[in-house]
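Trainee: no sequence on this one, just coordinates:
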Ligand SMILES: Nc1ncnc2c1ncn2[C@@H]1O[C@H](COP(=O)(O)OP(=O)(O)OP(=O)(O)O)[C@@H](O)[C@H]1O
């Protein structure tokens, strides 16, 4: 069970060459700018294709170079919070969160649409977003955007959660508050999670495991 990946990809200045596996726990990836962290997440999510390697989630093969398997991104059931949150500015908070369900075809396998909508409501409540549901996502604070992005990544009940510097855009006050919330939230997650950060405090607070990446390799 859990997630395992072995990835090789030629990048501009070096090769990405990593291998790792995690159970239902949080892995922190640290490393300086340009070390290849986001590329790992993009390969896992299916946005970027590795040259060689294998990715499995709960023993299901998502990518295998040798077996020529490459499940498309929208079928991987992975929640991804991008570095800049990437909320749709012309939509409300609720529309942003429900967008994750829009393209989800496999409702019946894991949960009905009704159950997922209820879960979306539960996520909004848990993350303190219910009162913002009908606000335009342009009209909310950075900390609120961060929580909307997290709710959107979670709403499909992903088998793997990818968080690319989820707290980096927040000011120090908001950060402290959200750190507390996230620590509680993390306990209830119980899915494999990978968090990228430049901030060692986040590693100390959240990591079950951590690795440092340098020029595409794990130190
Ligand atoms: N598709 C690609 N093909 C070739 N090279 C790439 C590709 N995508 C990214 N790179 C290069 O790979 C390196 C790693 O980029 P990546 O965005 O993964 O780093 P990062 O560790 O996430 O950096 P940051 O912390 O600044 O976000 C960079 O030098 C980048 O130019």
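Mentor: Structure's in. What do you need? Note that the structure is predicted; figures quoted are calculated from it, not measured.
Trainee: could you point out which element follows the helix or strand containing residue 44?
Mentor: Using DSSP states H and E, residue 44 sits in helix 37-45. Heading C-terminal from helix 37-45, the first helix or strand you meet, by DSSP H and E, is strand 52-57.
Trainee: quick check: residues of this structure near the ligand?
Mentor: For the chain, the residues in contact with the ligand (CB under 6 Å from any ligand atom) are 11-13, 31, 33-39, 48. The way it works is simple: take the backbone N, C-alpha and C, and place the C-beta from them, glycine included.
Trainee: show me how to select, in ChimeraX, the buried members of the residues you listed.
Mentor: Burial among these is assessed by 16 or more other CB atoms under 10 Å; the matching ChimeraX selection reads:
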select :31,35,36,37,38,39,48
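Trainee: by how many degrees do the helix holding residue 44 and strand 52-57 diverge?
Mentor: Interaxial angle of helix 37-45 relative to strand 52-57 (axes from the mean of the first three to the mean of the last three CA atoms, to 10 degrees): 70 degrees.
Trainee: what are the contacting residues of the longest helix seen in the chain?
Mentor: When the chain is parsed with DSSP state H, its longest helix is helix 172-189. The list of residues contacting helix 172-189 from outside it, by CB atoms under 8 Å, 6 or more residues apart in numbering, reads 26, 126-128, 141-143, 146-147, 150, 161, 167, 170, 193, 202, 205-206.
Trainee: quick one: average confidence on the helix holding residue 44?
Mentor: Helix 37-45 carries an average pLDDT of 97.
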